[in-house]
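In: sequence and predicted model, in that order:
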Amino acid sequence: MQDYDMKLRRKTGAARRTKKMAAARASANGVDRAGNSEVRRLSRVYHLSNEALSRVTGASPRTVAYWNAGTPPQRSSAQKIREVTRLFDALADIIDPKVIGQWLQRPNQQLDGSTPLQVMERGETDRLWRMIWQLHEGHSG
């Protein structure tokens, strides 16, 4: 009986440590204590579809669906999500956050006719940052 109690204590202690490690990983990877992921915030605030989130993060649509369901992203994906969040937060200072999802899919003259989404997919987010800076400074292009 005593051996059983010791094994049980070891297992519950290991389970507590595992839960703590999972919580720490989730926190580091863009999931807050309430379990609301940064991905859900992007979807909700900027009206982004799973397809758009997939395209801007480079993750599969299935992976984005998992993130929206509360599964924490891997470290590399979490870094990309933070970068995208920073960009969209800067855009929200200039344009209404509700239209960012639509804006991403419209061809833009300042981007040589490409959509902002295409520019992001090509890894040219510096062009968007330059556009944001110019608009912040009062330049039209």
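Out: Now that the structure is in, tell me what you want to look at.
In: what's the burial count for L117?
Out: Number of residues near L117 (other Cβ atoms under 10 Å) recorded here: 18. Using the backbone N, CA and C atoms, a C-beta is placed for each residue, glycine as well.
In: surely it touches L53?
Out: No - assessed by Cβ atoms under 8 Å, L117 is found out of contact with L53, at 10.6 Å.
In: worst mean pLDDT across the helices and strands of this structure, which element?
Out: Here the helix or strand of the chain ranked lowest by mean pLDDT, DSSP states H and E is helix 2-28, holding a mean of 54.
In: from the chain's centroid, how far away is the helix or strand containing L87?
Out: Using DSSP states H and E, L87 sits in helix 75-92. Remark: helix 75-92 is offset 6 Å from the chain centroid, using Cα atoms, centre = their mean, to the nearest Å.
In: report the contact partners of the spatially most central residue of the chain.
Out: For the chain, the residue nearest the mean C-alpha position is I81 (3.0 Å; Cα atoms, centre = their mean). By Cβ atoms under 8 Å, 6 or more residues apart in numbering, the contact set of I81 is G30, E38, V39, L42, T57, W67, P73.
In: nearest to Q102, of the residues you listed?
Out: When these are ranked by distance to Q102 (Cβ to Cβ), L42 comes first, at 14.6 Å.
In: now do the helix or strand harbouring that closest one and helix 75-92, the angle between them.
Out: According to DSSP H and E, L42 maps onto helix 38-46. Here helix 38-46 points in a direction 20 degrees away from that of helix 75-92 (axes from the mean of the first three to the mean of the last three Cα atoms, to 10 degrees).
In: any buried residues in stretch 47-64, and which?
Out: Burial within stretch 47-64, assessed by neighbour count using 16 or more other Cβ atoms under 10 Å, is assigned to H47, L48, N50, A52, L53, S54, R55, V56, T57, A59, T63, V64.
In: turn the residues you listed into CSV, columns for distance to G123, secondary structure and pLDDT.
Out: Formatted as CSV, these follow (distance: Cβ to Cβ, whole Å; DSSP: H, G, I helix; E, B strand; the rest coil; pLDDT from 0 to 100):
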residue, distance to G123, secondary structure, pLDDT
H47, 24, coil, 92
L48, 19, coil, 91
N50, 21, helix, 91
A52, 16, helix, 93
L53, 17, helix, 93
S54, 15, helix, 94
R55, 12, helix, 93
V56, 11, helix, 92
T57, 12, helix, 92
A59, 15, coil, 94
T63, 19, helix, 94
V64, 19, helix, 93
